[in-house]
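Student: Give me the fold of what follows.
(one chain, ligands or ions: 1)
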Amino acid sequence: MSLRIYGIAASRAIRALWMAEELGIPYEHVPIHYRDDPDGPLGKNNPGFRRANPLGRVPAIDDDGFALWESMAINLYLARKHDKGLWPATVEGEGLAYQWSFFAVTEIDPGVGEWASHSFVLPEDKREPARAAAALERLQRPLEVVDAALAKRPFLAGDAFTVADLNLAAAMFRARRMDHAARPNLARWLADCFARPAARRAWAMRGE
Ligand SMILES: N[C@@H](CCC(=O)N[C@@H](CS)C(=O)NCC(=O)O)C(=O)O
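Tutor: The predicted structure is shown next:
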């Protein structure tokens with residue numbers, strides 16, 4: 001097996017697992033747990049994993065000896081390498097794939113993480129509603145921008161689902177629990193992305 005994906009599905013590794021499922025490529029999943037038992041066989045000190053990502057964060061991949069980390073970079077690489085329709089057909093489309101992927105990790109990931117932690121992820125006595133509210137407030141403008149983009153076209157880089165959609169949608173999986181009534185285009189797109197068979201298979205790996 002040439003492609004190895006490191007990271008438990010209940011982590012950002014789900015992004016790479018979803019991509020591999022979309023592409024229909026063979027891969028080996030090595031469910032490294034980034035928190036538990038660091039020196040155990042599937043802990044973050046696993047030597048193969050540390051070779052793939054010296055930072056010790058998931059996801060990371062080893063693709064026939066080529067190591068790569070950072071979820072968005074992994075997915076851009078895999079989509080481009082396998083060219084099964086997830087890589088945009090035009091150079092402008094490629095620009096949009098980079099734009100939405102960087103947007104996902106800078107504008108969306110931190111806010112959604114903070115909002116979700118203080119809304120439903122942390123135990124109730126550890127949640128700070130003011131932090132959830134502030135995160136939601138900060139997300140309003142970026143989410144409006146996504147909604148406006150999707151008013152003009154069905155997917156972020158054009159008429160078809162591409163890596164741009166996968167990368168942003170995957171970073172928004174917890175944002176599915178937000179009220180998107182004021183953002184109907186975003187709501188439609190998010191539901192479409194998560195209804196894809198590959199998304200369902202990937203999320204089934206985490207029991208969701
Ligand atoms: N920007 C990175 C973030 C990776 C990341 O923080 N992963 C978490 C799990 S979701 C992790 O490995 N945390 C353990 C640590 O930071 O030591 C990416 O998108 O791949």
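Student: Just the element for the closest residue to residue 22 other than its chain neighbours, please.
Tutor: Spatially, and ignoring its direct neighbours in sequence, residue 22 is nearest to residue 198 (4.2 Å; Cβ to Cβ, 6 or more residues apart in numbering). (C-beta placed from N, C-alpha, C; glycine too.) Assessed by DSSP states H and E, residue 198 sits inside helix 197-204.
Student: ditto for residue 84
Tutor: Per DSSP H and E, there is no helix or strand for residue 84.
Student: give me the number of residues near residue 204?
Tutor: Counted with other Cβ atoms under 10 Å, residues neighbouring residue 204 total 11.
Student: Which positions in the chain make contact with the ligand?
Tutor: 11, 12, 34, 56, 57, 58, 59, 70, 71, 105 (Cβ under 6 Å from any ligand atom).
Student: Select, from the residues you listed, the two members most distant in space.
Tutor: Greatest spacing in the residues of the chain next to the ligand, by Cβ to Cβ: 56 and 105 (18.2 Å).
Student: In space, what's closest to residue 149 - neighbours in sequence excluded?
Tutor: residue 156 (6.3 Å).
Student: Hmm, the one you found is touching residue 168, no?
Tutor: Yes. Using Cβ atoms under 8 Å, residue 156 makes contact with residue 168 at a distance of 6.4 Å.
Student: Overlap in contacts, those two.
Tutor: Residues within reach of residue 156 and of residue 168 at once, by Cβ atoms under 8 Å, 6 or more residues apart in numbering, are 100, 146.
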